[in-house]
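Enquirer: Below are the sequence and a predicted model; questions follow.
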Amino acid sequence: MIEKKSIEYEKAVLVGVINQLQNAEKVEEYLDELEFLTYTAGGEVTKRFVQKMDIPNPKTYIGTGKMEEVHAYVKENDISSVIFDDELTPAQQNNIEKLLKCKVMDRTSLILDIFAQRAKTSYARTQVELAQYEYLLPRLTGLWTHLERQRGGIGMRGPGETEIETDRRIVRDRIALLKKKLSKIDRQMETQRGNRGALVRVALVGYTNVGKSTLMNVISKSDVFAENKLFATLDTTVRKVVLGNLPFLLSDTVGFIRKLPTQLVESFKSTLDEVREADLLLHVVDISHPNFEEHIASVNQILDEIDSTDKETIMVFNKIDLYVPEVIEEDDLETEKTSAHFTLDEWQKTWFNKIGDNALFISALNKENLDQFRHRVYREVRDIHVTRFPYNNFLYPENLDEYSQTEEE
Ligand SMILES: Nc1nc2c(ncn2[C@@H]2O[C@H](COP(=O)(O)OP(=O)(O)OP(=O)(O)O)[C@@H](O)[C@H]2O)c(=O)[nH]1
Ligand SMILES: [Mg+2]
């Protein structure tokens, strides 16, 4: 498991479906994201297939005619993977693999693959491996031959047990082992967190690639890996940051995505503990992304899954340097104004009306409005600190021109 070494770009095609829940435009946007995921995993997309259908075909997800089209293209162009935007049932995945004779993946398995590629520490690798096995368990078929080597005959096979049942048992054992390993690390991490003392804890959360690590780096002057690919960060980094004379802990963690596989959320629970135990969330949003409102909703949904929705939250709209509204030409009387046409000013007003000064607009890359950001965070952290330690009356200067100190944990 987990092996995914050299990256040479494999040719892939994408498949999406238009239905009552997602119109043609949405599907294109989802496929844009799927293409970005494919690229992150080391694939190059050469074609997209889209079909309109309300109810998916239980055997092959898309219809027979469409499947033939895909098949012809795959054969002709030496395609190695066909990637579906929606989750396939284990049976569908099997059937399609047999028909197309190439790798068949869905969004979930692609995300798992990226996580496997990106997991560096043994902790992250254990979490990903667990998620991979849980995804695989219902998908085990007789074709899963590489287990044969590990099985090593004697004592492994009960009387009358079929091969596939043996495979399932091996996987279940492995899952149990990984869970045990994780809970041991969890206890260690809990102790570590307990040792951090009485500092206020702030966590950066948000969709993947919105600039969390970049913001972490400029605020804490640290050097967390950031790049223009999805899921650059898997492991949590915690830094002690001092604003004025007020120290607090800032953590940067894994980004979220639409339809984040539940297996991953489950096995990353401890990584997400950092979020769950935070006093304040900084929800970072990439305002230059056309779907940023949907991203906010996806993030909120995952926060809900880990019981973290009622936390104090500041919305940080990042990448204002890249934001360009759609424009309606003066002689165009047809197009109706939507939020896509909002200027940055209009967005600021809209959010100010919703949540007042809990909305900030910055550019972490160009360091725009960072002073405002620091002041807002300072104020919030100070309030939390004062509430928690009412008798701790050291002076907090309102002048925050000195932010230079940071320390590694
Ligand atoms: N133009 C612009 N680019 C930015 C800004 N902030 C971050 N970026 C870029 O956005 C990309 C993603 O940044 P990261 O900091 O890695 O994003 P992240 O949220 O940590 O992403 P994951 O760890 O993958 O979830 C990088 O290429 C950054 O240089 C910004 O304010 N403006
Ligand atoms: Mg990051």
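Expert: In hand now; what should we look at? Ligands and ions are numbered 1, 2, ... in the order given.
Enquirer: where do the helices sit along the stretch 301-409 of the chain?
Expert: Applying DSSP state H, counting those that start in this stretch to the stretch 301-409 of the chain gives helices spanning 344-355, 370-388.
Enquirer: Could you look up the SS state of Val285?
Expert: Secondary structure, DSSP: H, G, I helix; E, B strand; the rest coil: Val285 is strand.
Enquirer: ranking the helices of the stretch 301-409 of the chain by burial, who's on top?
Expert: Ranked by mean neighbour count under mean count of other CB atoms under 10 Å, the helices of the stretch 301-409 of the chain are led by helix 370-388, which reaches a mean of 17. The way it works is simple: take the backbone N, C-alpha and C, and place the C-beta from them, glycine included.
Enquirer: Packing partners of it?
Expert: Secondary-structure packing of helix 370-388 (3 or more CB pairs under 8 Å, 6 or more residues apart in numbering; DSSP states H and E): strand 200-206, helix 212-220, strand 237-243, strand 246-252, strand 280-286, strand 312-318, strand 359-361.
Enquirer: pLDDT of the last one, averaged?
Expert: This points to strand 359-361. Average pLDDT, strand 359-361: 97.
Enquirer: Which residues of the stretch 201-350 of the chain lie near ligand 2?
Expert: Residues of the stretch 201-350 of the chain lying close to ligand 2 (CB under 5 Å from the ion) are 212-213, 232-233.
Enquirer: filter those residues down to the ones close to ligand 1.
Expert: Near ligand 1, judged by CB under 6 Å from any ligand atom, the entries from these are 212-213, 232-233.
Enquirer: circling back to that earlier point, output the helices and strands packed on helix 370-388 in a markdown table; the columns should cover distance to Cys102 and mean neighbour count.
Expert: Formatted as a markdown table, the helices and strands packed on helix 370-388 follow (distance: least, CB to CB, whole Å; neighbours: other CB atoms under 10 Å):
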| stretch | distance to Cys102 | mean neighbour count |
| --- | --- | --- |
| strand 200-206 | 35 | 24 |
| helix 212-220 | 35 | 23 |
| strand 237-243 | 38 | 20 |
| strand 246-252 | 37 | 22 |
| strand 280-286 | 33 | 23 |
| strand 312-318 | 39 | 22 |
| strand 359-361 | 45 | 21 |
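Enquirer: Return the member of those having the minimum mean pLDDT.
Expert: Of all these, strand 237-243 has the smallest average pLDDT, which comes to a mean of 86.
Enquirer: tell me the angle of the lengthiest helix in the chain relative to strand 237-243?
Expert: Taking DSSP state H as the criterion, the chain has its longest helix at helix 163-194. Counting by axes from the mean of the first three to the mean of the last three CA atoms, to 10 degrees, helix 163-194 lies at 20 degrees to strand 237-243.
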